[in-house]
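1. Predicted model and sequence below, questions to follow.
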Amino acid sequence: MDKSAKIYVAGHRGMVGSAIIRELNKKGFRNIIKKTRGELDLLNQQAVAEFFVQAKPDYVVLAAAKVGGIFANNEYPADFIYENLMVQTNVIHQAYKTQVKQLLFLGSSCIYPKLAEQPMQESALLTGELEPTNEPYAIAKIAGIKLCESYNRQYGTDFRAVMPTNLYGPNDNYDLQNSHVIPGLIRRIHQAKTNNDKALKIWGTGSAMREFLYVDDLAEACVMLMSLGKMEYKQSLPARNSQVNIGTGSDISINELVAILVDIIGYKGKIKWDTSKPDGTPRKLLDVSRMTSLGWNASTTLIDGLRLTYRRYLETR
Ligand SMILES: NC(=O)C1=CN([C@@H]2O[C@H](COP(=O)(O)OP(=O)(O)OC[C@H]3O[C@@H](n4cnc5c(N)ncnc54)[C@H](OP(=O)(O)O)[C@@H]3O)[C@@H](O)[C@H]2O)C=CC1
Ligand SMILES: C[C@H]1O[C@H](OP(=O)(O)OP(=O)(O)OC[C@H]2O[C@@H](n3cnc4c(=O)[nH]c(N)nc43)[C@H](O)[C@@H]2O)[C@@H](O)[C@@H](O)C1=O
């Protein structure tokens, strides 16, 4: 990738988009296009078409999406399927129409079946039933992979799809209801400590297993993949299932995660489990051998990433 290439990062104010911009800046890319939702609503097909014709980006990173944790996905399924289908269809189609050199689509590990064999290989896609709490979002993300594959097959475009595991880090969403588990727990445990609460109720049974990746590691992996030439990238993938998993290759239970956060934050009260709340997928550990065979491994340990994230939370809340 030429350092002067014009790169449009859709969703640049989000957790992933902002991390990708930090990584691009670190690597010396300076010609980055950013548009807030107020300037360009990606749900608006006409506005997206006009933007691509006028801005003519060389590269596109599609990190704009309707995103949320287990509660938000379960509560607002229509918003999750509608907004994600619209945003990705508008962006991917216009990237094709305006001959964008390369596009990187951000999917999610929830595309794999609820009871997929662990660790989940890319070939597990469409082999079983999805987790009901996030099925509409997962279906939209699967459609995103298929959009990329179909435009590549029919029109010879270079549209790539990555499937990150659960992410955390700077610029995460700390809403108590709609966020993911790490920001949700940081806020709840910090509040319980500040209020000297004797006990804290946490969603689920604590037995669900999750794999967590620090978002700056994801950004490094994404920019590394974008930097591969078209043939080099294609040759690194098998003919079937073109998406690439990105994770750490190891997971922990929510119970263990709570214990680590309680220790980092310094909360002394009791933990109680609210088993009326869903656990979601019992386990979703990614098989990351495609990334390791390309020479990439996550470098931030969970403990270090959580310490950095809590420090950042205290500075910015
Ligand atoms: N967070 C996670 O744990 C994981 C995330 N991913 C994927 O990574 C990608 C980015 O997620 P993340 O950074 O966490 O999400 P965020 O919610 O932090 O960021 C999403 C960004 O998309 C923008 N956006 C959403 N809808 C529109 C729209 N209609 N027009 C313009 N901009 C829009 C938002 O803008 P605004 O700020 O105005 O709302 C926001 O900046 C998503 O595709 C997600 O599926 C994958 C796996 C795990
Ligand atoms: C990235 C991923 O994110 C979502 O799926 P999820 O993996 O289930 O992620 P989650 O972070 O919301 O929950 C993980 C686990 O943690 C438990 N849990 C405890 N306490 C809190 C808590 O306070 N908040 C939340 N959100 N969960 C909590 C919770 O009950 C569950 O067992 C999907 O949107 C999906 O579409 C997707 O792509």
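-> Happy to help now that I have it. Ligands and ions are numbered 1, 2, ... in the order given.

2. Check which helices and strands the host helix or strand of Ala140 is in contact with.
-> Secondary structure here is read from DSSP states H and E; on that basis Ala140 sits in helix 135-155. Using 3 or more C-beta pairs under 8 Å, 6 or more residues apart in numbering; DSSP states H and E, the elements in contact with helix 135-155 are helix 77-97, strand 102-106, strand 159-164. Heads up, the C-betas are built off the backbone N, CA and C, glycines and all.

3. relative orientation of the first one and strand 159-164 in degrees?
-> With axes from the mean of the first three to the mean of the last three C-alpha atoms, to 10 degrees defining the directions, helix 77-97 sits at 150 degrees from strand 159-164.

4. I'd like the distance from helix 77-97 to the chain centre, please.
-> Here helix 77-97 is found 16 Å from its chain centre; the criterion is C-alpha atoms, centre = their mean, to the nearest Å.

5. So for it, mean pLDDT?
-> Regarding helix 77-97, the rounded mean pLDDT is 98.

6. Then the shortest one?
-> Averaging the model's pLDDT scores along strand 102-106 yields 98.

7. Show me what from this protein comes close to ligand 1.
-> Residues of the chain that fall close to ligand 1, judged by C-beta under 6 Å from any ligand atom: 11, 13-17, 37, 41-43, 63-67, 87, 106, 108, 164, 166-167, 173, 180.

8. filter the residues you listed down to the ones near ligand 2?
-> Checking those against ligand 2 (C-beta under 6 Å from any ligand atom), the matches are 108, 166, 180.

9. Contacts only, for the closest residue to Ile92 other than its chain neighbours.
-> Setting aside the residues directly before and after it, Ile92 is nearest to Leu147 in space (C-beta to C-beta, 6 or more residues apart in numbering), at 4.8 Å. Counting by C-beta atoms under 8 Å, 6 or more residues apart in numbering, Leu147 makes contact with 88-89, 92, 105, 159.

10. Not counting its own residues, what contacts stretch 20-36?
-> Identification of contacts with stretch 20-36 by C-beta under 8 Å, 6+ apart yields 1, 3-10, 12-13, 51, 55, 57, 61, 63, 216, 219-220, 222-223.

11. Of those residues, which qualify as buried by neighbour count?
-> Among the contacts of stretch 20-36, those classed as buried by neighbour count (16 or more other C-beta atoms under 10 Å) are 1, 5-10, 12, 51, 57, 61, 63, 216, 219-220, 222-223.

12. Quick check: mean pLDDT of stretch 16-24?
-> According to the model, stretch 16-24 has a mean pLDDT of 98.

13. Buried by neighbour count: which residues of it qualify?
-> Neighbour-count burial for stretch 16-24, with 16+ other C-beta under 10 Å as criterion, is recorded at 16-24.

14. circling back: quick check, distance from the helix holding Ala140 to the centre of its chain.
-> Between the centre of helix 135-155 and the centre of its chain there are 16 Å (C-alpha atoms, centre = their mean).

15. and it, which residues are buried?
-> When burial is assessed from 16+ other C-beta under 10 Å, helix 135-155 yields the following buried residues: 135-145, 147-149, 151-152.

16. between it and helix 77-97, how big is the angle?
-> Between helix 135-155 and helix 77-97, the angle formed by their directions is 10 degrees, by the same axes, to 10 degrees.

17. Okay, angle between helix 135-155 and strand 102-106 too, please.
-> Between the direction of helix 135-155 and that of strand 102-106, the angle (the same axes, to 10 degrees) works out to 160 degrees.

18. near ligand 2 at all, helix 135-155?
-> Yes - shown here: helix 135-155 in contact with ligand 2 (C-beta under 6 Å from any ligand atom) through Tyr137.

19. circling back: show me which of the buried residues of helix 135-155 is closest to ligand 2.
-> For the buried residues of helix 135-155, the closest approach to ligand 2 (C-beta to the nearest ligand atom) belongs to Tyr137, at 4.6 Å.

20. The residue lying closest to that closest one once chain neighbours are set aside: neighbour count?
-> Nearest-residue entry for Tyr137: Phe80, 4.2 Å, with adjacent residues in sequence omitted and distances by C-beta to C-beta, 6+ apart. Look at Phe80: counted by other C-beta atoms under 10 Å, it has 25 neighbours.

21. Understood, closing this out.
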